[in-house]
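In: Next input, structure requested:
(one chain, ligands or ions: 1)
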Amino acid sequence: MDNEEFRRYGHQVVDWMADYLKDIRQYPVLPHAKPGELMDRLPAHAPDRGEPMDAILEDFEGSIVPALTHWNHPRFFAYFAISGSYPGILAEMLAGALNVNGMLWKSCPALTELEQVTLGWLREWIGLPEEFFGIIYDTASISTLHAIAAAREMADPDARTRGNAAGLVMYTSEQAHSSVEKAGITLGIGQDNIRKIPVDGAFRMRADVLGETVARDRRDGKRPFCIVPTVGTTSTTSIDPVNAIADVAEDCGAWLHVDAAYGGAAAVVPEMQSILDGCRRAHSLVVNPHKWLFTPVDCSAFYTRKPEILRQAFALVPEYLRTADDPRAVNYMDYGVQLGRRFRALKLWFVMRHFGREGIAELIRRHIAYAQRLAGLIRDHPDFEIAAPTPFSLICFRYRGSDDENRALLDAVNGSGKAFLSHTVLDGKFVLRLAIGNIATEWEDLEETWNLVRRGARNTALSRSSAE
Ligand code: PLP
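Out: Below is the predicted model:
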């Protein structure tokens, strides 16, 4: 492909993207795809000779797009609904063209310094103090892995050379994301040494039980080294009492890492900033701009008050990467597992500048208001019940019937292609989750989905009565 062809296809691809996003409601949210179908359709072997771009684009539309789950769809309400945004997409295109690698300051000063600047801005927006150092990783799972590695470094600096000491124990809640436990497994802490603290009636970690568990472990000669509360848990978006948990962490000298991967974004809204109460006492915190800050996947912002410990855990500089020391030149490769790193700060910078704090706060406020309004309708309906508080924009609810009926209801809604919801289990019961987070979602999308759910429930009730 020469430069002129690149220009021509570039325009064609941008036109396709603009049409796709304009017409997104015409696509089924979930594809009518069967496992293995796309693989069977595509050639088993790569071509020996290059193919024309027209053929590649044709197959993209004809084979790839029909097998997509459309995360951009305004009625995508599963997991945590997310979306990119026009400025974020433009920045991703530029990052692809620039193709820089920010392993060292010297390998790309713009990447390194823009990451420092944007994370400084975001830190201010969510109300964290200036002492928090920021770094972008790909996902919250990796951010939390780095937090727990730093926690181990603080508790047991010799772990780097001789491996983990015996007796290290970490704590999280039984509602925490699985990435916390996975990080503990990866770092050799062992599942037997990961305590999952029970939650209260609103699915928040019980700080009193945490305190008792830590005390018992210490009496047994264990070494509590890390505590991970969550602001916005995955199943229900409950908010753990970070201040009370910080008291326990400070008392036993453990690293406190806050998983605010989803919920942290809401602190951009001035009247919501109290959701991060106590977080300035944390050693580290993660918030994902790719979840609720309209930044394309992937972008996870990790903050720590102890960058020197993170660096101690990860710095290992071979001769070929040695550079002159300058206190203003951050080499991000010293603060994590990976060496190469892409220019993720560019999209965050575009998004923050395009919307401004007020623009982002307005979008988040709108999502929360929709969720409160829909939760009210569900609460008032005799056939449905709300299964958990709604502090953000996720509604957990269920049809007042059996788990099987709720499963059938979910399958009916998702099978329609008109909306996509997910599920969880709370207090032993199957619960539907409807998460609002897409930039294009309107109230009409929620009304239509609520109609779909009620219609599905009526059919469920009909098939129950005909079976009786
Ligand atoms: N933490 C919480 C609270 C989450 O809800 C999720 C994902 O939904 C994660 C961590 C993991 O996020 P990621 O996919 O960025 O690793």
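In: CA atoms for contacts and neighbours, from now on please.
Out: Will do.
In: quick one, what contacts the residue lying closest to Leu293 once chain neighbours are set aside?
Out: If the residues on either side of it in the chain are set aside, Leu293 comes closest to Ala265, at 6.4 Å by CA to CA, 6 or more residues apart in numbering. Residues near Ala265 by CA atoms under 8 Å, 6 or more residues apart in numbering: 126, 287-289, 292-293.
In: now the residues you listed as CSV including neighbour count, pLDDT and distance to Leu374?
Out: Formatted as CSV, the contacts of Ala265 follow (neighbours: other CA atoms under 10 Å; pLDDT from 0 to 100; distance: CA to CA, whole Å):
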residue, neighbour count, pLDDT, distance to Leu374
Ile126, 21, 97, 27
Val287, 29, 98, 26
Asn288, 28, 98, 25
Pro289, 27, 98, 25
Trp292, 27, 97, 19
Leu293, 29, 97, 22
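In: and which of those is nearest to the ligand?
Out: Taking CA to the nearest ligand atom as the measure, the ligand lies nearest Asn288 of the contacts of Ala265, at 6.5 Å.
In: residues in the stretch 251-400 of the chain within reach of the ligand, list them.
Out: 259, 261-262 (CA under 6 Å from any ligand atom).
In: just those now: which is nearest Phe76?
Out: Nearest to Phe76 among those: Tyr262, at 16.2 Å, using CA to CA.
In: neighbours of the closest one, just the number please.
Out: For Tyr262, the neighbour count with other CA atoms under 10 Å is 25.
In: Could you pull out the buried residues of the longest helix belonging to the chain?
Out: The longest helix of the chain (DSSP state H) is helix 345-380. Neighbour counts over helix 345-380 (16 or more other CA atoms under 10 Å) mark 345-352, 355, 357, 360-361, 363-368, 370-372, 374-375, 378 as buried.
In: before we move on, what about stretch 28-43?
Out: Neighbour-count burial for stretch 28-43, with 16+ other CA under 10 Å as criterion, is recorded at 28-30.
In: Closest to Phe76 out of those?
Out: Taking the buried residues of stretch 28-43 together and measuring to Phe76 by CA to CA, the closest member is Val29, at 6.4 Å.
In: what secondary structure does the closest one sit in?
Out: Look at Val29: counting by DSSP: H, G, I helix; E, B strand; the rest coil, its state is coil.
In: dump the residue contacts of it.
Out: 69-71, 73, 75-76, 417-420.
In: For the ligand, tell me whether whatever helix or strand Thr424 lives in is touching it.
Out: In this structure, Thr424 sits in strand 422-426 according to DSSP states H and E. No: using CA under 6 Å from any ligand atom, strand 422-426 stays clear of the ligand, coming no nearer than 12.0 Å.
In: Show me which residues of that strand are buried.
Out: 422-424, 426.
In: Same question for stretch 324-344.
Out: Neighbour-count burial for stretch 324-344 [16+ other CA under 10 Å]: 330-336, 341-344.
In: Next: stretch 375-395.
Out: For stretch 375-395, a neighbour-count test (16+ other CA under 10 Å) marks 375, 378, 384-395 as buried.
In: Much appreciated, bye for now.
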